[in-house]
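Undergrad: okay, sequence plus prediction incoming.
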Amino acid sequence: MENAAGRVRWGNGGTVGNGASCEGVAFAFQSSTIAVGATVASRVAPSDSFEVSVVSPESQIVGTNSTGTNDVASTGDLVVLPRVDGSSYTLRETAGPGTNLTAYDVSWACTRNGVADPSLTASGVDSITVSPADGDAISCIVTNAVDQTPGTTTAPTSAPSSTTTTPSAVVPVVTPQFTG
C-alpha cells in the first residue's frame with residue numbers, strides 16, 4: 001500500500017521513502033476503569049469522616065480518598081486490568097478517626113458503562129466486589145446517612161459499635177371512675 005506521496009509502502013517487509021526495509025509488531029489490550037466515591041448525607045458528629053478505596057485481587061490499594069469533614073470524596077477513575085480469572089476488585093469504605101460507621105445507614109449504587117447496575121447495589125455493608133470486563137467503566141457511590149432506626153441512639157466513638165437501645169417510655173394507665 002502506498003500513500004499519496006509514494007513514500008511508505010507496506011507489503012512483505014515494507015519500504016520507507018529512502019528504500020530501507022522495516023518491520024513492526026503491534027499489540028493492544030483494553031483496560032477498564034473503576035471509581036469509588038463517598039457522599040455524606042448527614043453526620044452524627046461534625047468531625048466524622050469516611051475513607052473509600054479500591055483494592056486489587058492481589059490485596060494492593062489501587063486508589064483511596066477521604067471525605068474529611070467534606071460531604072464528598074472520590075478516588076477518580078482508576079485504570080485497572082480486566083479480570084478473566086474470576087477474581088475481583090474490592091471497593092470498601094472505612095470509618096475515619098473517631099467515626100463510628102455502625103451509626104450510619106450505608107448504601108452502595110453503581111453504574112457499569114454509564115448504566116445503573118442492580119447487581120452492584122447493596123445496603124448495610126462496608127464493601128462490595130466488582131470484576132470489570134474489557135473496557136468496562138465502573139463507578140460506585142457509597143452514601144452515608146445517620147441511622148434513624150427508632151429506639152436506637154449512637155454516640156460518636158472510635159471504638160467498635162456502641163449502640164444503645166432506649167427503653168420505651170412509661171405511660172401511666174388511668175382508669176375512669178364513675179360516681180353515681
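TA: Sure, I can see it.
Undergrad: center of this protein - which residue?
TA: The chain has Val36 as the residue nearest its centroid, 3.0 Å off, counting by Cα atoms, centre = their mean.
Undergrad: rounded mean pLDDT for whatever helix or strand that residue lives in, please.
TA: The secondary structure element spanning Val36 is strand 32-40 (assigned by DSSP states H and E). Mean pLDDT, strand 32-40: 97.
Undergrad: then stretch 73-83?
TA: 94.
Undergrad: and that stretch, what's buried?
TA: Applying a neighbour-count criterion of 16 or more other Cβ atoms under 10 Å, one finds 73-75, 78, 80, 83 buried in stretch 73-83. Any C-beta I mention is one placed from the backbone N, CA and C, and that applies to glycine too.
Undergrad: ok, the residue nearest to the centre of the chain to Glu93 distance?
TA: Separation of Val36 from Glu93 (Cβ to Cβ, to the nearest Å): 8 Å.
Undergrad: do the same with Asp147
TA: Taking Cβ to Cβ, one finds Asp147 at 15 Å from Glu93.
Undergrad: more neighbours, the two?
TA: With other Cβ atoms under 10 Å as the criterion, Asp147 and Glu93 differ in neighbour count, and Glu93 comes out ahead with 22 against 17.
Undergrad: quick one: the more buried one is in a helix?
TA: No: remark: Glu93 does not belong to a helix; assigned using DSSP: H, G, I helix; E, B strand; the rest coil, it is strand.
Undergrad: ok, it - contacts?
TA: If a contact means Cβ atoms under 8 Å, 6 or more residues apart in numbering, then Glu93 has 38, 50-52, 101, 106, 126-127, 142, 144 as its contacts.
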